[in-house]
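Enquirer: Build the 3D model from these lines:
(one chain, ligands or ions: 1)
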Amino acid sequence: MDVERIRKEFPILHQQINGRDLVYLDNAATNQKPKKVIDALVEYYTGYNANIHRGIHTLAERATKAFEQTRETAKQFINAGSTEEIIFTRGVTESINLVAACYGNAFVNEGDEIIISTIEHHSNIVPWQFVCERKKAKLKVIPVSQSGELDLEVYKSFLSPRTKVVAVNHASNSLGTINPVKEIIKLAHEVGAVVLIDGAQAGAHLEIDVQDMDCDFYCLSSHKMYGPTGAGILYGKKELLEKMPPYHGGGEMIKEVTFDKTTYNDLPYKFEAGTPNIADVIAFRHAMEFINSLGKENISAHEHELLLYATEKLSRLKGVRLVGQAKYKVAVLAFVVEGIHHFDIGQMLDARGIAVRTGHHCTQPLMECYGIEGTVRASFSVYNTKKEIDQLVEGLERIINFMK
Ligand code: PMP
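Expert: The predicted structure is shown next:
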């Protein structure tokens, strides 16, 4: 892995923040974009900006082809059975809301149960609360251990014929925990429930094979995979997507409209009403190709090495307590520092050019469960280096000494 060469592909990394070289360690919020992705956006708007699908002129055909090419790349990226199973959304939040609204409202009834976990992002909690409220269903929450692992025994005890949906993340954005999704899915299927996997924190880091996993729905966000914001994927098994009612109504999702009756378009267009985010979807392909060109295995190996290095260094710092140290993790390191508020740490690191995230990371119930308000979170991507971790550690040391 030639990290220096990879870094050259990311223009944003080569700048100074507050007089120092930028150290970007906020990748779990969004990661940076390689030049190819940025160029794809510019090329679209300067070369072939046009609305897609129904145009017969050359620009419209070019835009349609490029847009649909992303669908093909996405299909291969997650090993879906067909492109009909790939729906473009604005991101994971919209993907989950779509499934909650369309599947939840059609197939969850009074007295049914939906299972989520304590380490879910708010976007995998609130949409299910909406369904439970509307349908008088019950939300059950798998507990998490001190190390950040789900309690599978409690999960098993929750499962029953009343369970209609299980929705958990593949990897946690707050702690990094990689969940045993294959086992979770298999157990849910034994009671006839469908399973949605939130893959936001997995997309750029873990191998994803939806057929092998046998999940019913899988959600991805471009902006956490070196792609632009505002684009994402919902994978759904064809037979489920076919029996679900549409989400938004409007152009593109229809076959025929009369004032008496409207018929809906075939998959995947049935779920893609309106003009989509054409430019960002097109550029998303280049982000997936960037990941493919490096190889997920190589990316994970590099990030894992950084995680082990940072874990070792930070755990030796006096006053630092790591939060959530699961056995299997993506490269996310959350910690608190005794006597210093996480916001202050974040601000003082920023003054040294180091970008980390502080707060609850959209997982307030998890923070409450751990009895903390928030953490500092350093998260690593393929372009990060051990030198940057040394800078983080040095910065933290100075802050801790100064605050004493
Ligand atoms: N789930 C997880 C685990 C996430 O990390 C995020 C993004 N931080 C989301 C959901 C929300 O995704 P999006 O930003 O695409 O709406």
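Enquirer: how many neighbours does whichever residue of the stretch 1-150 of the chain sits closest to the ligand have?
Expert: Shortest the stretch 1-150 of the chain-to-the ligand distance, computed as Cβ to the nearest ligand atom: residue-wise this is residue 91, at 2.6 Å. For the C-beta atoms, the positions are set from N, CA and C on the backbone; glycine is no exception. Around residue 91 there are 23 other residues, counting by other Cβ atoms under 10 Å.
Enquirer: now swap in residue 308 and tell me
Expert: Neighbouring residues of residue 308 were enumerated by other Cβ under 10 Å; the total is 12.
Enquirer: returning to that earlier point: which residues touch the residue nearest to the residue of the stretch 1-150 of the chain closest to the ligand when sequence neighbours are not counted?
Expert: Spatial nearest neighbour of residue 91, excluding adjacent residues (Cβ to Cβ, 6 or more residues apart in numbering): residue 232 at 3.7 Å. Shown here is residue 232, whose contacts under the criterion Cβ atoms under 8 Å, 6 or more residues apart in numbering are 88, 89, 90, 91, 92, 94, 95, 219, 220, 221, 222.
Enquirer: tell me the contacts of the fourth one?
Expert: Residue 91 is in contact with 200, 221, 222, 223, 229, 230, 231, 232, counting by Cβ under 8 Å, 6+ apart.
Enquirer: same check, this time on the second one
Expert: With contacts taken as Cβ under 8 Å, 6+ apart, residue 89 has the following neighbours: 95, 98, 219, 231, 232, 233, 234.
Enquirer: so the second one sits right up against residue 87, yeah?
Expert: Yes - under the criterion of Cβ atoms under 8 Å, residue 98 is in contact with residue 87, at a separation of 7.5 Å.
Enquirer: Is there contact, residue-wise, from stretch 115-125 to the ligand?
Expert: Yes - in this structure, stretch 115-125 sits against the ligand according to Cβ under 6 Å from any ligand atom; the contacting residues are 121, 123, 124.
Enquirer: Just give the number of residues close to the first one.
Expert: Looking back up the chat, that one is residue 121. Residue neighbour count, defined by other Cβ under 10 Å, stands at 21 for residue 121.
Enquirer: again with the second one
Expert: Using other Cβ under 10 Å, the number of residues around residue 123 comes to 21.
Enquirer: Wait, a helix at it?
Expert: Yes - per DSSP: H, G, I helix; E, B strand; the rest coil, residue 123 lies within a helix segment.
Enquirer: Quick check: chain neighbours aside, which residue is closest to it?
Expert: On the basis of Cβ to Cβ, 6+ apart, the spatially nearest residue to residue 123 that is not a chain neighbour turns out to be residue 93, at 4.2 Å.
Enquirer: With residue 54 as the reference, measure out to the closest residue to residue 51 other than its chain neighbours.
Expert: Counting by Cβ to Cβ, 6+ apart, the nearest residue to residue 51 once its immediate chain neighbours are dropped is residue 275, at 5.8 Å. Between residue 275 and residue 54 the distance, using Cβ to Cβ, to the nearest Å, works out to 11 Å.
Enquirer: quick one, strands of the stretch 201-350 of the chain?
Expert: Counting by DSSP state E, counting those that start in this stretch, the stretch 201-350 of the chain has strands at residues 217-221, 232-236, 254-257, 262-264, 320-323, 332-337.
Enquirer: Any idea which of those gets closest to the ligand?
Expert: Across the strands of the stretch 201-350 of the chain, the ligand has its closest neighbour in strand 217-221 (3.3 Å, Cβ to the nearest ligand atom).
Enquirer: what would the contacts of residue 232 look like in TSV with pLDDT and distance to residue 319?
Expert: Rendered in TSV, the data for the contacts of residue 232 read as follows (pLDDT from 0 to 100; distance: Cβ to Cβ, whole Å):
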residue	pLDDT	distance to residue 319
88	98	46
89	98	42
90	98	40
91	98	36
92	98	35
94	98	40
95	98	40
219	98	37
220	98	37
221	98	34
222	98	38
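Enquirer: and this structure, which residues reach the ligand?
Expert: For the chain, the residues in contact with the ligand under the definition Cβ under 6 Å from any ligand atom are 91-93, 121, 123-124, 169, 173, 198, 200-201, 221, 232.
Enquirer: run the last query once more with 5 Å
Expert: Residues of the chain found near the ligand (Cβ under 5 Å from any ligand atom) are 91, 92, 93, 121, 123, 169, 173, 198, 200, 201, 221.
Enquirer: ok, the last one touching residue 202?
Expert: No - because the distance of 10.2 Å does not satisfy Cβ under 8 Å, residue 221 is recorded as not touching residue 202.
Enquirer: Count the neighbours of residue 146 for me.
Expert: 10.
Enquirer: no, scratch that, I was asking about residue 355
Expert: 16.
Enquirer: List the backbone torsions phi and psi for it.
Expert: Backbone dihedrals for residue 355, given as degrees, to the nearest 10, come out at phi -100, psi 110.
Enquirer: Over to residue 157?
Expert: phi -70, psi -20.
Enquirer: which residues of the stretch 1-150 of the chain fall in helices?
Expert: In the stretch 1-150 of the chain, the segments counted as helices under DSSP state H, counting those that start in this stretch are 3-8, 35-43, 58-78, 92-99, 105-107, 126-135.
Enquirer: most tightly surrounded among these?
Expert: Each of the helices of the stretch 1-150 of the chain was scored by mean neighbour count; the highest is helix 92-99, a mean of 25, by mean count of other Cβ atoms under 10 Å.
Enquirer: Next, the angle strand 217-221 makes with that one.
Expert: Between the direction of helix 92-99 and that of strand 217-221, the angle (axes from the mean of the first three to the mean of the last three Cα atoms, to 10 degrees) works out to 150 degrees.
Enquirer: doesn't residue 383 make contact with residue 3?
Expert: Yes - the pair residue 3 / residue 383 is scored as a contact, 6.4 Å apart, by Cβ under 8 Å.
Enquirer: Can you give the distance from stretch 134-145 to the centre of its chain?
Expert: For stretch 134-145, the gap between its own C-alpha mean and the chain's C-alpha mean amounts to 21 Å (Cα atoms, centre = their mean, to the nearest Å).
Enquirer: okay, how far is it across it, tip to tip?
Expert: Taking Cα to Cα, to the nearest Å as the measure, stretch 134-145 stretches 31 Å from start to finish.
Enquirer: Brilliant, that's me finished.
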